[in-house]
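Participant: turn this into a model:
(chains A and B)
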Amino acid sequence: MKFFPLLWSSLWRKKTRTIFTLLSIFVAFLLFGLLMTIRGAFTFGVDIAGVDRLVIIHKVSLIMPLPVSYKDRLKSTEGVTEVSHQTWFGGVYQDPSNFFAQMVVEPEPFMKIYPEFKIPADQVKAWLADRQGAIVGVDLAKRFGWKVGQKIPITGTIWQPKQGQTWEFNIAGIYDGDAAVDKTQFFFRYDYLDENRLRGEGLVGWYVVKIGDASKAHEMGAKFDTMFANSSAETKTTTEKGFVEGFAKQVGDIGSIMVAILAAVLFTMLLVAANTMAQSVRERTSEVGVLKTLGFSNAAVLALVLGESVLIAVLGGSLGLGLSWLIVQRGDPTNGMLPIFVLPNRDVAIGAAMIVVLGVIAGALPAFNAMNLKITDALRRG
Amino acid sequence: MNFISQTLAVTMLNLRTIPQRLGSSGVAIIGIAGVVIVLVSVLSIAQGFAAAMAQTGSESRALIMRSGADSEMTSGLSNVDVDIIKQAPGLRREGQTAIASAELYVIIDIPKIGTNSPANVPMRGVEPVATQVRSEFSITQGRMFQFGTNEVVVGRGAMVNFQGLTLGSTIHSGQNTWQVVGIFETDGSIAETEIWCDNHVLQGAYRRGNTYQTVLARLDSSQSFDTFKDWLITNPQVNLQVRREVEYYAQQSRALTSLIRNVGFSIAVLMGIGAVFGAILTMYTAVSTRAREIATLRALGFNATSVVVSVLSESLALAAIGGAIGGVLAYVAFNGYQTSTMNFSTFSQVAFAFQVTPRLLTMGLSYALIMGLIGGLFPALRAARLPIPSALREL
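Facilitator: Sure, this is the predicted structure:
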């Protein structure tokens, strides 16, 4: 550590050059953080989808409904802890551009299956008591400025009420959850829908089943599908994780596009940084000679040059990564199109590792050359 | 005259010595090429998607859905609604037949090629008159399906992107099986991602009773839209919305296209800033390694402006090379690249091809030149301001 002042002063030997190198590394890691966040947003929360939760959909397609009567048969199957059904409502609040997901659920099993949605106890009570009650995510409530108790009219697109076109809801509660939970959803009660819809009575969208032993997911899925085979509504069961992944894949391979862009960015920055380091060491050939004359070992010279390059990378990279983290904290900039907008800790760690790797690779060749430099050559060249 | 020849001389000197500074010039070129590749390829995604959606729809066709429905998927019409629609004025008729097709639009799960995971492929049940409504429809392989059977025809885009949809194959879906007897094209519109069959057969297969989802109607002319629409809207027996087909598809593509464009531009701007720093570094290096030469020129009487111009032209030349390389690579790698994505308003797949258009290439090249200009400016000014005596002494 006693050589730190030496490192520091050689870093600032040419101010402009160091500043621009810092800035380009800064930009590279700012991009790294943002692209990783976008990539995460397009996986629709694969990371938190439970493996002990199975999703059962109609075999033909997700849009085909299943009968509500399957619930009891599923519930009485051995190894099943909880069963909840969900239905996509797809209504419009004021204007079609205000899109957010509305789901029809049964409150009690729903809350048991999804403990990650945190709702205050008095609001749970209010929801259970009010047929027209709905609970909404904290981000959604913030977006439209909704308060508990407020009345929300939503126009049905798939489901028409018996009278008019509008469904009225009361906000019974606002749920929260950790960063990876989608807090832009709107959940309301199945009994309200079923009693008031014009047609489609007794039909639900899909089932979510919680099983006791996650390792049996595959067998349980096969068991459910056999149970309903040759009925009027055959089923297809996947783990919730598989279901979400499949959905993400339908959007396209956003992940590999992001990785490709990042590879281009980081490769370019590596070139820039390596080129600068090489040049700065070349200019100091005679200084290296002096250091060696003073008794610095080859290893020490190697460490000094590598240290300088790692220092630049760490300064620029951590600022960039830090800024991207700050930007992501401010939340989704697209107004609800990317409900899960977080920079995963795993990617922060990957970023940190890449910063160090970048510094080492950029400095490796010049450091190696400096180490092998003969004192006589170095001094003569100056 | 003297000024111009001076400038030319210094510029040529700079450009001719680029090969001696290959390392740092290469960094600038690669940096700028990288930015141009990313900019052009991301925008080509948006371009391809928007083009597929825009090609769908004609001014002279109207799409009728239940009022309140926001897409074909969520709409629902009874057979009474359909009968009334077919009586509306402004509709094209041939003899007694209204050129309007009552259709069902559903999803069928078929694995996407390459991922093996199921994708929501749209399936459309049509009437025999559907091919007259869509005059761009043509069968390219096999034949049209027979109405009343479980035969289907598959769009070209669907065949390319999803498994087991080639001519002669059988699709198993739940308890239904479908025979593929033909492949069709619709001039690159998104209907090419669809599978078509008889609407009555599809009603049975998807338990839709005697209901439909939309009616696509050919208008007498594109001016008769208002007559047609007003008659239906004011008819108290039905509760419908009438839109021109083009407007419907333009609105469906808006959200995704603008999302891709915004992401693409933001990435390109950020990357561009990084590349400009790279270019600045390169040019500073170029200037500082030649400080003595520049000072010598100045001492010989070359003026400062010609030095500025020469440094700027070098940087612009590097940027142009980088931009050209980036554009060519993006074109070679991505133009016509087939893919499919989810159209969120119908939850169904849309197949499309990336399009690297001349406009995008021009945009990429201009962006490269802007980066080169900014990257060269400060080093150029520094070169011009070099104090001659100390620069001559340097090194």
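Participant: and the stretch 51-200 of chain B, which residues reach chain A?
Facilitator: B:67-71, B:73-74, B:106-109, B:112, B:115, B:117-120, B:173-176 (C-beta under 8 Å from any C-beta of the partner chain). To be clear about C-beta, it is placed using only N, CA and C from the backbone, and glycine gets the same treatment.
Participant: rerun that using 7 Å as the cut-off
Facilitator: The stretch 51-200 of chain B comes close to chain A at residues B:68-70, B:74, B:106-109, B:112, B:115, B:117-120, B:173-175, as judged by C-beta under 7 Å from any C-beta of the partner chain.
Participant: and the helix or strand of chain A with the lowest mean pLDDT with chain B, contact?
Facilitator: Using mean pLDDT, DSSP states H and E, the weakest-scoring helix or strand in chain A turns out to be helix A:254-283, at a mean of 76. Yes - residues of helix A:254-283 are located near chain B by C-beta under 7 Å from any C-beta, namely A:261, A:264-265, A:268-269, A:271-272, A:275-276, A:279.
Participant: returning to that earlier point: whichever of the residues of the stretch 51-200 of chain B next to chain A end up buried, select them in PyMOL.
Facilitator: To isolate the buried ones among these in PyMOL, judged by 16 or more other C-beta atoms under 10 Å in any protein chain shown, type:
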select buried, chain B and resi 68+69+70+74+106+107+108+109+112+115+117+118+119+120+173+174
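Participant: how about TSV for the residues of helix A:254-283 next to chain B, with neighbour count added?
Facilitator: Listed next are the residues of helix A:254-283 next to chain B as TSV, based on neighbours: other C-beta atoms under 10 Å in any protein chain shown:
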residue	neighbour count
A:Ile261	24
A:Ala264	20
A:Val265	27
A:Thr268	25
A:Met269	31
A:Leu271	21
A:Val272	28
A:Asn275	22
A:Thr276	27
A:Gln279	20
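Participant: dump these into TSV; add distance to B:Arg61 as well.
Facilitator: Shown next, in TSV, are the residues of helix A:254-283 next to chain B (distance: C-beta to C-beta, whole Å):
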residue	distance to B:Arg61
A:Ile261	39
A:Ala264	43
A:Val265	45
A:Thr268	48
A:Met269	51
A:Leu271	53
A:Val272	54
A:Asn275	58
A:Thr276	60
A:Gln279	64
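Participant: which two from those end up farthest apart in space?
Facilitator: Spatial extent of the residues of helix A:254-283 next to chain B (C-beta to C-beta) is set by the pair A:Ile261 and A:Gln279 at 27.7 Å.
Participant: ok, longest helix in chain B?
Facilitator: Counting by DSSP state H, the longest helix found in chain B is helix B:245-289.
Participant: contacts only, for A:Gly359.
Facilitator: Shown in contact with A:Gly359 (C-beta atoms under 7 Å, 6 or more residues apart in numbering or on different chains): A:309-310, A:312-314.
Participant: switch the cut-off to 10 Å
Facilitator: Taking C-beta atoms under 10 Å, 6 or more residues apart in numbering or on different chains, we find A:Gly359 in contact with A:25, A:270, A:273, A:277, A:306-317.
Participant: show the pLDDT at B:Ser101.
Facilitator: Here, the pLDDT recorded for B:Ser101 equals 95.
Participant: before we move on, what about A:Val46?
Facilitator: pLDDT recorded at A:Val46 is 64.
Participant: for chain B, which segments count as helices?
Facilitator: Listed in chain order, the helices of chain B (DSSP H) span B:2-16, B:22-54, B:79-87, B:130-133, B:156-161, B:199-205, B:225-234, B:245-289, B:291-300, B:304-334, B:358-385, B:388-393.
Participant: quick one: closest of the ones you listed to A:Lys183.
Facilitator: By C-beta to C-beta (comparing all of those), the closest turns out to be helix B:245-289, at 20.0 Å.
Participant: any residue of that closest one touching chain A?
Facilitator: Yes - if you take C-beta under 10 Å from any C-beta of the partner chain as the test, helix B:245-289 does meet chain A, through B:251, B:254-256, B:258-259, B:262-264, B:266-268, B:270-282, B:284-285, B:288-289.
Participant: make a PyMOL selection of the buried ones in those.
Facilitator: Those of these that count as buried under 16+ other C-beta under 10 Å are selected in PyMOL with:
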select buried, chain B and resi 251+255+256+263+264+267+268+270+271+272+273+274+275+276+277+278+279+280+281+282+284+285+288+289
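Participant: please parse chain A into its domains.
Facilitator: Listed by automatic domain parsing, the domain ranges of chain A are A:4-44+A:253-381, A:53-212.
Participant: among these, which comes closest to B:Phe225?
Facilitator: domain A:53-212 (21.3 Å).
Participant: give me the neighbour count for A:Thr293.
Facilitator: 12 (other C-beta atoms under 10 Å in any protein chain shown).
Participant: check A:Asn196 too.
Facilitator: Based on other C-beta under 10 Å, the number of other residues close to A:Asn196 is 17.
Participant: so what's it closest to, chain neighbours aside?
Facilitator: Nearest non-adjacent residue to A:Asn196, counting by C-beta to C-beta, 6 or more residues apart in numbering or on different chains: A:Pro161, 5.0 Å away.
Participant: got a list of what that neighbour touches?
Facilitator: For A:Pro161, the contacting residues are A:155, A:167-168, A:192-193, A:195-198, by C-beta under 10 Å, 6+ apart.
Participant: please redo it, this time with the cut-off set to 7 Å
Facilitator: Contacts for A:Pro161 (C-beta under 7 Å, 6+ apart) come out as A:167, A:196-198.
Participant: am I right that A:Ile154 is in a strand?
Facilitator: Yes - assessed by DSSP: H, G, I helix; E, B strand; the rest coil, A:Ile154 belongs to a strand.
Participant: surely it is in contact with A:Gly91?
Facilitator: Yes - contact status for A:Ile154 versus A:Gly91: in contact at 4.0 Å, counting by C-beta atoms under 7 Å.
Participant: residues that sit against both of those two, list them.
Facilitator: Between them, A:Ile154 and A:Gly91 share these contacting residues under C-beta under 7 Å, 6+ apart: A:102, A:167.
Participant: counting neighbours, what do you get for B:Met371?
Facilitator: 31.
Participant: returning to that earlier point: would you list the helices of chain B in JSON lines and tack on mean pLDDT?
Facilitator: As requested, those are exported to JSON lines (pLDDT from 0 to 100):
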{"stretch": "helix B:2-16", "mean pLDDT": "81"}
{"stretch": "helix B:22-54", "mean pLDDT": "84"}
{"stretch": "helix B:79-87", "mean pLDDT": "93"}
{"stretch": "helix B:130-133", "mean pLDDT": "92"}
{"stretch": "helix B:156-161", "mean pLDDT": "92"}
{"stretch": "helix B:199-205", "mean pLDDT": "93"}
{"stretch": "helix B:225-234", "mean pLDDT": "93"}
{"stretch": "helix B:245-289", "mean pLDDT": "80"}
{"stretch": "helix B:291-300", "mean pLDDT": "82"}
{"stretch": "helix B:304-334", "mean pLDDT": "90"}
{"stretch": "helix B:358-385", "mean pLDDT": "90"}
{"stretch": "helix B:388-393", "mean pLDDT": "78"}
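Participant: right, I'll leave it there.
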